[in-house]
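*Asks:* build me a structure from this.
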Amino acid sequence: MEVAEAVVARVADANLRVPRDQFAAVWRAAERLERQQLPSAADWRAVAGVVAVCRWLAGVVDIAPVTGRTVPATPDAVETELDAAMAALDQTPPPAWLSEPAGWTTGVLAAFDWAWQGGDLPLIHHAGGVAARG
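*Replies:* This next block holds a predicted model:
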């Protein structure tokens, strides 16, 4: 999808803990990379995970990337997604979404860590990818 300035301007301030311009730059790069043929399927799926989180945080989609619930992104919903992700990492056997093909989980967790907790997001190292610092 095209990440227009008007779409970025409508992202709720409460949904971001990184600067809006940085969020927009990473989201645009992820959307661009998702459309490309990346060297490995795991790389593509990691980027797709980042895209899913960015779209949800921006309010473009209502499907939460971890739980799959139909719920708009709000600070409480983001915390619920993070709690579900952390609980899933300790669960035996792991839930279905963690069993998704390699890469998706990495992308989703990295995007949440970056956008919500101020961590690092090394998006993709090939194909002209970007690295974002929280």
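
*Asks:* ok, now how distant is Leu33 from Asp62?
*Replies:* In this view, Leu33 and Asp62 are 24 Å apart by C-beta to C-beta, to the nearest Å. The way it works is simple: take the backbone N, C-alpha and C, and place the C-beta from them, glycine included.

*Asks:* report the next helix or strand after the longest helix seen in the chain in sequence order.
*Replies:* Counting residues, the longest helix in the chain under DSSP state H turns out to be helix 41-58. Next helix or strand after helix 41-58 toward the C-terminus (DSSP states H and E): helix 75-90.

*Asks:* next, the angle helix 41-58 makes with that next one.
*Replies:* Helix 75-90 and helix 41-58 are oriented at 150 degrees to each other (axes from the mean of the first three to the mean of the last three C-alpha atoms, to 10 degrees).

*Asks:* so after helix 75-90, what's the next helix or strand?
*Replies:* For helix 75-90, the following helix or strand on the C-terminal side (DSSP H and E) is helix 104-117.

*Asks:* just how off-centre is that following helix within its chain?
*Replies:* Centre-to-centre, helix 104-117 and its host chain are 5 Å apart (C-alpha atoms, centre = their mean, to the nearest Å).

*Asks:* and for stretch 46-53?
*Replies:* 4 Å.

*Asks:* next one: stretch 4-12
*Replies:* In this view, stretch 4-12 has its centroid 16 Å away from the chain centroid, taken as C-alpha atoms, centre = their mean.

*Asks:* just the terminal-to-terminal distance for it.
*Replies:* 15 Å (C-alpha to C-alpha, to the nearest Å).

*Asks:* got a list of contacts for it?
*Replies:* The contact list for stretch 4-12, computed with C-beta atoms under 8 Å, 6 or more residues apart in numbering, reads 20, 23-24, 27, 57-60, 73-74.

*Asks:* distance to Asp113, neighbour count and pLDDT for these - can I get that in a markdown table?
*Replies:* Shown next, in a markdown table, are the contacts of stretch 4-12 (distance: C-beta to C-beta, whole Å; neighbours: other C-beta atoms under 10 Å; pLDDT from 0 to 100):
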| residue | distance to Asp113 | neighbour count | pLDDT |
| --- | --- | --- | --- |
| Arg20 | 18 | 12 | 93 |
| Phe23 | 14 | 22 | 92 |
| Ala24 | 18 | 20 | 92 |
| Trp27 | 15 | 26 | 92 |
| Leu57 | 13 | 26 | 96 |
| Ala58 | 17 | 20 | 96 |
| Gly59 | 20 | 15 | 95 |
| Val60 | 20 | 16 | 95 |
| Ala73 | 16 | 24 | 96 |
| Thr74 | 19 | 13 | 95 |
